[in-house]
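J.: Pasting a predicted model and its sequence here:
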Amino acid sequence: MAQAVDASKNSPSDVRNREVVFPAGGDPQLGNLETPVNSSPAVKWFINNLPAYRPGLTPFRRGLEVGMAHGYWIFGPFAKYGPLRSAENANLAGLLGAIALVIFLTGGLSLYANSNPAKALNSVTGASAPDAFLSKEGWNNFASAFLIGGIGGAIVAYFLTSNIALIQGLIG
């Protein structure tokens, strides 16, 4: 093994001698690294298509999409791993827990909106925060839509989980 390592050090064209992690923008003081993962075209495409960065969306639409996704997936851990997981009404407890967490998260978003946040820095992925997030109104619109979407997503997850036998009967 030591011989293979020594042999690679003597050959500049060996792929093991190539650096793959660089400071973003060539400035190490930015505190951001450019790696093969975060600077790959697939990751850039994925990040730039998330609701937070997708161009042409209003803050309300962004908040609605983010809230629906979070409300939907937050339901599961409360219903299936919570302290009432063995109870008859575990799904209802999961729904109430998910709604409560969405309300707390909306409160956190509202507090952040009222703190006059600075403009977000650009990242290696090329995604930049939209201008709607520069104002308190934009953040509050995002937070109110997050609340609506989060509660709606949790209700959809509750409905699907509570009626899984009916849905399976309809499908086959």
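T.: Now that the structure is in, tell me what you want to look at. This structure is a prediction, so every number in the text was calculated from the model and none was measured.
J.: just the strands in this protein please.
T.: Secondary structure of the chain, counting by DSSP state E: strands at 22-23, 33-34.
J.: where does this structure dip in pLDDT?
T.: Applying pLDDT under 70 to the chain picks out residues 1-10, 12, 16-17.
J.: what about the helices in it?
T.: Ranges of helices within the chain are 2-9, 41-48, 59-81, 90-113, 136-162, 164-171, based on DSSP state H.
J.: Between the ones you listed, which one is closest to residue 127.
T.: helix 41-48 (4.9 Å; Cβ to Cβ). C-beta here means a position set from N, CA and C on the backbone, and glycine is covered the same way.
J.: Contacts for that closest one next, please.
T.: For helix 41-48, contacts defined as Cβ atoms under 8 Å, 6 or more residues apart in numbering pick out 37, 53-54, 125-127.
J.: Between those residues, which sits nearest residue 154?
T.: For those, the nearest to residue 154 is residue 54 (23.4 Å; Cβ to Cβ).
J.: Quick check: closest non-adjacent residue to the closest one.
T.: residue 48 (7.2 Å; Cβ to Cβ, 6 or more residues apart in numbering).
J.: and the nearest residue to residue 127 once chain neighbours are set aside, backbone torsions?
T.: The shortest distance from residue 127 to any non-neighbouring residue, by Cβ to Cβ, 6+ apart, is to residue 53 (4.2 Å). Main-chain torsions, residue 53, degrees, to the nearest 10: phi -120, psi -10.
J.: Give the burial count for the closest residue in space to residue 87 that isn't next to it in sequence, as a bare number.
T.: Counting by Cβ to Cβ, 6+ apart, residue 93 is the residue found nearest to residue 87 once chain neighbours are left out, at 6.9 Å. Neighbourhood size, residue 93 [other Cβ atoms under 10 Å]: 16.
J.: who touches residue 93 in this structure?
T.: Here residue 93 is in contact with 78-79, 82, 84, 87 (Cβ under 8 Å, 6+ apart).
J.: now these: which count as buried?
T.: 78-79, 84 (16 or more other Cβ atoms under 10 Å).
J.: Redo those residues as a markdown table? Include distance to residue 143.
T.: Converted to a markdown table, the buried ones among the contacts of residue 93 look like this (distance: Cβ to Cβ, whole Å):
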| residue | distance to residue 143 |
| --- | --- |
| 78 | 21 |
| 79 | 25 |
| 84 | 29 |
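J.: Tell me who's in contact with the residue nearest to residue 127.
T.: 47, 127-130.
J.: Would you point out the most distant pair within those?
T.: Going by Cβ to Cβ, the pair spanning the contacts of residue 53 furthest: 47 and 130, at 13.6 Å.
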